[in-house]
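Enquirer: Predicted model and sequence follow; I will ask about them next.
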Amino acid sequence: MSAVVVVGAGIVGSSVAYHLARQAVPVTLLDQGPSPATGATGDSFAWIGGYGGDWPGGAQDLRGSVLADYRRLETELPHVAVRWTGSLAWTDAQAKHDSRLGPSRFRVGGSDIAVLEPNLRNPPEQAIHTPSDGGVDPTAMTSALVDAARAHGAMVIHNSIVTSLKMAGGHVEGVLSSTGFHAAGTVVLAAGTGIPELAEPLLAGLPVAASPACLVRLKAPPGLVKTIVASPDFEVREVRDGDLFLTLPHVEDKSATSFEQATQDALRRLQCLFRGSDCCRLLGY
């Protein structure tokens, strides 16, 4: 029996498994995919520290510790590199929150914007610059955490579909899965939108819902986009040299034609926004 079974090898589950194993806690990490980050994590924009959106209370309170944790992980784990590029935002949401700029966020004008993003064709008159923001390759980051967890003694089992919790006397004794029963004193559910169904026997009523968006992967000249750019039409950043992530609002019509059209429109908007982007090509979405 493991002291802990973690269900889900996305960024959350892999981090939990790594930090437990590092403290010599016996832990088993189960995931339904063939490799880490095959769910929401692998399709994440992976922007660390963004202020955008009307977060519930507490999210911004965690900002400082989150940034510190990522800097710590850079020193602990090989092959982990955060791109501390900062962010540049001029979205409608940012404009609405202009009056409440937090620490380490600055209102910048045209000349500063041109220095930060020299390839912008028509820089906005004003934007919000957050130098401390960064981004990671979400799949590489998660894989590094899983590898480190395994190196510290964690058992990692892929292609293991967890079907239910094993209950006895109102207590959780482990999980039932396609790879058998895994006993544990503690079970950590880190399976994203699969959590509510697994948690049903606990009568917890966890309201974990999907929050879909469209992520586009592009090949581009290295350095075309310098920061994490949040414009009114999309967000874009360089996840690794020459590879861009671009995210745009969810496409309601789920047909392949609609997704293709939205992706091509996003590529054209990118080409309108950045000089030197005419040679960008679509890798996937």
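Expert: Happy to help now that I have it.

Enquirer: from memory residue 80 sits against residue 73, does it?
Expert: Yes - if you go by CB atoms under 8 Å, residue 80 and residue 73 touch, sitting 5.6 Å apart. All C-beta atoms are positioned from the backbone trio N, CA, C, and that covers glycine.

Enquirer: my guess is residue 157 contacts residue 28, does it?
Expert: Yes - between residue 157 and residue 28 there is a contact under CB under 8 Å: 6.7 Å.

Enquirer: Return the distance of the residue sitting nearest the centre point of the chain relative to residue 127.
Expert: The chain has residue 46 as the residue nearest its centroid, 3.4 Å off, counting by CA atoms, centre = their mean. The gap separating residue 46 from residue 127 is 21 Å, by CB to CB, to the nearest Å.

Enquirer: For the residue nearest to residue 125 when sequence neighbours are not counted, give me its contacts.
Expert: In this structure, residue 125 finds its nearest non-sequential neighbour in residue 110, 6.1 Å apart by CB to CB, 6 or more residues apart in numbering. With contact set as CB atoms under 8 Å, 6 or more residues apart in numbering, residue 110 has these partners: 123, 124, 125.

Enquirer: The first one: neighbouring residues, count only.
Expert: Which is residue 123. Neighbour count of residue 123, defined by other CB atoms under 10 Å: 21.

Enquirer: can you pull the pLDDT of it?
Expert: Among the per-residue scores, residue 123 shows a pLDDT of 92.

Enquirer: Over to residue 13?
Expert: 98.

Enquirer: what's the span of stretch 145-162, first residue to last?
Expert: 21 Å (CA to CA, to the nearest Å).

Enquirer: I misspoke; the intended subject was stretch 190-201.
Expert: End-to-end for stretch 190-201, by CA to CA: 16 Å.

Enquirer: re the thing from before, return the member of the contacts of residue 110 nearest to residue 62.
Expert: residue 124 (29.2 Å; CB to CB).

Enquirer: Angles on the backbone of the closest residue to residue 164 other than its chain neighbours, please.
Expert: Excluding the flanking residues, the one nearest residue 164 by CB to CB, 6+ apart is residue 176, at 5.0 Å. In terms of degrees, to the nearest 10, the main-chain angles of residue 176 are phi -100, psi 140.

Enquirer: Can you give me the neighbour number for residue 176?
Expert: Residue 176 has 14 neighbouring residues, counting by other CB under 10 Å.

Enquirer: How about the contacts made by it?
Expert: 162, 163, 164, 165, 166.

Enquirer: Could you rerun that using 10 Å?
Expert: 161, 162, 163, 164, 165, 166, 182 (CB atoms under 10 Å, 6 or more residues apart in numbering).

Enquirer: Compare residue 157 and residue 28 (neighbour count), which wins?
Expert: Between residue 157 and residue 28, counted using other CB under 10 Å, the more crowded position is residue 28 (23 against 16).

Enquirer: remind me which residues of the stretch 101-250 of the chain are low pLDDT?
Expert: Counting by pLDDT under 70, the stretch 101-250 of the chain contains no low-confidence range.

Enquirer: the strands in it, which residues?
Expert: Counting by DSSP state E, counting those that start in this stretch, the stretch 101-250 of the chain has strands at residues 106-109, 126-130, 134-135, 155-157, 162-168, 171-177, 180-189, 214-219, 228-230, 235-240, 243-248.

Enquirer: In a markdown table, list those strands along with distance to residue 268.
Expert: Formatted as a markdown table, those follow (distance: least, CB to CB, whole Å):
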| stretch | distance to residue 268 |
| --- | --- |
| strand 106-109 | 27 |
| strand 126-130 | 22 |
| strand 134-135 | 24 |
| strand 155-157 | 42 |
| strand 162-168 | 42 |
| strand 171-177 | 45 |
| strand 180-189 | 41 |
| strand 214-219 | 12 |
| strand 228-230 | 16 |
| strand 235-240 | 13 |
| strand 243-248 | 12 |
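
Enquirer: quick one: which of these is nearest residue 285?
Expert: strand 214-219 (4.5 Å).

Enquirer: Could you list the paired strands of the closest one along with their orientation?
Expert: With DSSP bridges as the test, strand 214-219 is paired with strand 243-248 (antiparallel), strand 281-284 (antiparallel).

Enquirer: Switch those over to TSV; also include mean neighbour count and distance to residue 140.
Expert: Putting these into TSV (neighbours: other CB atoms under 10 Å; distance: least, CB to CB, whole Å) gives the following:
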stretch	mean neighbour count	distance to residue 140
strand 243-248	21	11
strand 281-284	11	16
